[in-house]
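Colleague: The following block contains a protein sequence and its predicted model.
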Amino acid sequence: EAQVTQNPRYLITVTGKKLTVTCSQNMNHEYMSWYRQDPGLGLRQIYYSMNVEVTDKGDVPEGYKVSRKEKRNFPLILESPSPNQTSLYFCASSAGTGSRKAGGPDNEQFFGPGTRLTVL
Amino acid sequence: AQSVAQPEDQVNVAEGNPLTVKCTYSVSGNPYLFWYVQYPNRGLQFLLKYITGDNLVKGSYGFEAEFNKSQTSFHLKKPSALVSDSALYFCAVSHMNTGFQKLVFGTGTRLLVSP
């Protein structure tokens, strides 16, 4: 089954304790992205990756890191979590396109089930 | 910068009636536009997209959307609402100035369909 998986689904942690949220897709997609969802703000893009070893900042990258060492995995790292990073996080992936130089998600994005993070 | 506005936090409609969920965008040039739906405790699911071509786009579950360049709108519509359509709906836009790499979402509209 084609899917995007995230782990853990729920996490409660304390300020300053490093954590990693994993994301994996089995569709051989080039494009992957992380979003956070907050009430009244919709989804905001944190980081995205066009392919292996190619990552770039979205609209709210502060306090987050990512890596893309393998095509299927795109972990989100919080080196020193703070309470304002309490949120619902979604990973997504999309097939790239070869029709343009800067291929992007003109195809639909497939979303993971979400990770609810609470930072105390 | 590109942006998306969903002016209604919530839309209420009776089952069987037509529904419209509004979306307007702000980009220069030609946008790529998307609608996604989120059911409770689930990730987002793709409904439909406009890239180019026919302004009326048909998508999943009987939904359609009309791209209106002069009004910079991309409203989501369905001729006859179902109770099961109750969910959170997001409009999103990407643009060539960012290489279509960034996807900007609206704040979402909650659709409630009453029996």
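Modeller: All right, it came through fine.

Colleague: Let me see the contact set for the most centrally placed residue in chain A.
Modeller: Of all residues in chain A, the one closest to the mean position by CA atoms, centre = their mean is A:W34, 2.2 Å from it. Applying CB atoms under 8 Å, 6 or more residues apart in numbering or on different chains, we find A:W34 in contact with A:23, A:45-48, A:58, A:64, A:66, A:74, A:76, A:89-92. Glycine gets a C-beta too; all of them are placed from N, C-alpha and C.

Colleague: counting contacts, what elements does the lengthiest strand in chain A pack onto?
Modeller: When chain A is scanned for its longest strand (criterion: DSSP state E), the result is strand A:42-51. Under the contact definition 3 or more CB pairs under 8 Å, 6 or more residues apart in numbering or on different chains; DSSP states H and E, strand A:42-51 sits against strand A:31-38, strand A:54-57, strand A:65-66, strand B:87-95, strand B:104-105.

Colleague: buried residues in it?
Modeller: A:G42, A:L43, A:R44, A:Q45, A:I46, A:Y47, A:Y48, A:S49, A:M50 (16 or more other CB atoms under 10 Å in any protein chain shown).

Colleague: pLDDT below threshold where in the chain?
Modeller: Going with chain A. A:96-106 (pLDDT under 70).

Colleague: ah, I was thinking of chain B
Modeller: B:1, B:96-101.

Colleague: how about the strands of it, start to end?
Modeller: According to DSSP E, the strands that chain B contains are B:3-5, B:10-14, B:19-21, B:24-26, B:31-38, B:44-50, B:56-58, B:64-68, B:73-78, B:87-95, B:104-105, B:109-114.

Colleague: can you put the ones you listed in TSV and add mean neighbour count and distance to A:F111?
Modeller: Converted to TSV, these look like this (neighbours: other CB atoms under 10 Å in any protein chain shown; distance: least, CB to CB, whole Å):
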stretch	mean neighbour count	distance to A:F111
strand B:3-5	16	17
strand B:10-14	14	22
strand B:19-21	21	19
strand B:24-26	17	21
strand B:31-38	24	8
strand B:44-50	21	4
strand B:56-58	14	20
strand B:64-68	18	19
strand B:73-78	20	18
strand B:87-95	24	11
strand B:104-105	23	11
strand B:109-114	17	18
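
Colleague: My read is that A:V54 contacts A:V66, right?
Modeller: No. Between A:V54 and A:V66 there is no contact under CB atoms under 8 Å: 10.9 Å.

Colleague: With neighbour numbers in mind, choose between those two.
Modeller: A:V66 (21 against 11; other CB atoms under 10 Å in any protein chain shown).

Colleague: rewinding a little: most widely separated two among the contacts of A:W34?
Modeller: Greatest spacing in the contacts of A:W34, by CB to CB: A:Y64 and A:A92 (15.2 Å).

Colleague: Specify which residue of these two has the higher count of neighbours.
Modeller: More crowded of A:Y64 and A:A92, by other CB under 10 Å: A:A92, with 28 against 20.

Colleague: what separates the more buried one from B:A65, distance-wise?
Modeller: Distance from A:A92 to B:A65, counting by CB to CB, to the nearest Å: 20 Å.

Colleague: ditto for A:T115
Modeller: For A:T115, the distance to B:A65 - CB to CB - is 30 Å.
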